[in-house]
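[1] fold the following for me, if possible:
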Amino acid sequence: MLQITDVPIYHKGPAAAVLDALAVLASPPRSLCMSATGAHGLVEAEKDKSFKKIVQAFYCNLPDGMPLVWLGKAKGFPGMARCYGPDFFAAVLSQTAGMQHITHFFCGGKPGVAEKLQQQVGVRFNNFQIGGTYSPPFAPLQESDWESLTTSIEKAKASIIWIGLSTPKQERFAMELARRTRVHLIITVGAAFDFYTGSKPQAPRWMQQNGLEWFFRLCTEPRRLWRRYLEIVPKFVFYGTADLLKSLLKRKTA
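    Model (predicted):
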C-alpha cells in the first residue's frame, strides 16, 4: 500500500478507481468515504492530527494532484496516475447513467450551484438519477440542520453522496455524514461542482498534467487563494521530501 506522510493514497489509476467504486455500489451500503485529495489535504493532515485520522480512515484517497503522483512514483509505484476529482465524478456519473437503482445526492457549493449541477449532469452525462441537493451554510451545521439533511438523503434513497466543498471542511463533512447515514459511498470532489456549472474556470489540461493547476487557480482567484498556496507549496515540498527520504532510507536498510 502506498502511503505519503502516513496517509494511504490510491495508486492503481483512474480506470481502476471507477471500477472499485462500481464494485462498492454492488455490495451492501456501508457509507464508505472516498476523497480526491492533493497537496492541500496532506498539508492539512500534517497540521492537524485529528484531520489526519479522518483521511486515514477513508476507504480511498485518490491522488487528485500531480505532485502526489510524482512522489508515489519516486516511492516505488511506477504505474501510478492522477485520479482527478472532476474526471472521476464525470466517469462515475456516466457509468451509472440509466441505472435506476443508483441515485446520486449533491452537497456543496453556493446556493443554487448544486441545483444547477443537477441540470448539467443530465445534459453532459445523460444521468437523471439525482435524488436531491443541499448547499451547506457557511456557519457550522446545527443538530436540526443535520437531521433535515439526513432525512432528505433517506427520502432520496441515495446511493452516492457527492460533496463539493474545500479541504478540510469537505472531508470532515463526509465523515460526519458517514456516521449519520447509510449509503454506499460518500465522495469529496472539491471544486468539481463549480467547474461543471461554469461557476469557476478550469485549468487547461497541459497545466494540470504539469502540476500547475494551483498556479492557474491562484491567477484566477488571487485574493482568496494567495495565503493558502503561500503555505501549501513550501510545506508540501518539505513534508514530501522528508517522507521520500525516510522511505528511501528504509529501503536501503531493509
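[2] pretty sure Gln100 sits against Asn127.
    No - Gln100 is beyond contact range of Asn127, at 11.1 Å (criterion: C-beta atoms under 8 Å). (Each C-beta comes from the backbone N, C-alpha and C, glycine too.)
[3] out of the two, which sits in the busier spot?
    Counting neighbours by other C-beta atoms under 10 Å for Gln100 and for Asn127 shows that Asn127 has the greater number, 21 against 8.
[4] these two touch, right, that one and Val92?
    No - the criterion here is C-beta under 8 Å, and Asn127 misses it with Val92 at 9.2 Å.
[5] tell me the mean pLDDT over stretch 173-193?
    Mean pLDDT, stretch 173-193: 96.
[6] buried ones in it?
    173-175, 177-178, 181, 183-193 (16 or more other C-beta atoms under 10 Å).
[7] and it, how far apart are its ends?
    End-to-end distance for stretch 173-193: 16 Å, by C-alpha to C-alpha, to the nearest Å.
[8] can you check stretch 126-141 too?
    Start-to-end, stretch 126-141 (C-alpha to C-alpha) is 33 Å.
[9] now it: average pLDDT?
    Stretch 126-141 shows a mean pLDDT of 90.
[10] give me the buried positions along it.
    Here stretch 126-141 shows Asn127, Gln129, Ile130, Gly131, Gly132, Thr133, Tyr134, Ser135, Pro136 as buried, counting by 16+ other C-beta under 10 Å.
[11] so the second one touches Thr96, yeah?
    Yep, that's Gln129 we're talking about. Yes - the pair Gln129 / Thr96 is scored as a contact, 7.0 Å apart, by C-beta under 8 Å.
[12] anything in contact with each of the two?
    Residues touching both Gln129 and Thr96 (C-beta atoms under 8 Å, 6 or more residues apart in numbering) are Ile102, His104.
[13] give the burial count for Glu147, as a bare number.
    Other residues close to Glu147 by other C-beta under 10 Å number 12.
[14] what's the helix or strand for it?
    In the assignment (DSSP states H and E), Glu147 maps to helix 143-156.
[15] sorry, back to before: return the subset of the buried residues of stretch 126-141 lying in helices.
    Residues from the buried residues of stretch 126-141 lying in helices, with DSSP state H as the criterion: none.
[16] pLDDT averaged over the longest helix along the chain - what is it?
    If you go by DSSP H, the chain has its longest helix at helix 222-253. For helix 222-253, the mean pLDDT works out to 90.
[17] so which elements touch it?
    helix 39-47, helix 66-74, helix 213-220 (3 or more C-beta pairs under 8 Å, 6 or more residues apart in numbering; DSSP states H and E).
[18] the last one: how far from the chain's middle?
    Helix 213-220 sits 18 Å away from the centroid of its parent chain (C-alpha atoms, centre = their mean, to the nearest Å).
[19] can you pull the buried residues of it?
    Applying 16+ other C-beta under 10 Å to helix 213-220 flags Glu213, Trp214, Arg217, Leu218 as buried.
[20] which one among the residues you listed gets closest to Lys200?
    Arg217 (8.1 Å; C-beta to C-beta).
[21] not counting sequence-adjacent ones, nearest residue to the closest one?
    Leu225 (6.0 Å; C-beta to C-beta, 6 or more residues apart in numbering).
[22] so that neighbour sits against Phe216, correct?
    No - using C-beta under 8 Å as the test, Leu225 is too far from Phe216 to be in contact (10.4 Å).
[23] the spatially most central residue of the chain: which element?
    In the chain, the centroid-proximal residue (C-alpha atoms, centre = their mean) is Ala36; its distance is 2.7 Å. In the assignment (DSSP H and E), Ala36 maps to strand 32-37.
[24] how far does that strand sit from the chain's center?
    Taking mean C-alpha positions (C-alpha atoms, centre = their mean), strand 32-37 and its chain are 5 Å apart.
[25] taking their axis directions, it and helix 39-47 sit at what angle?
    110 degrees (axes from the mean of the first three to the mean of the last three C-alpha atoms, to 10 degrees).
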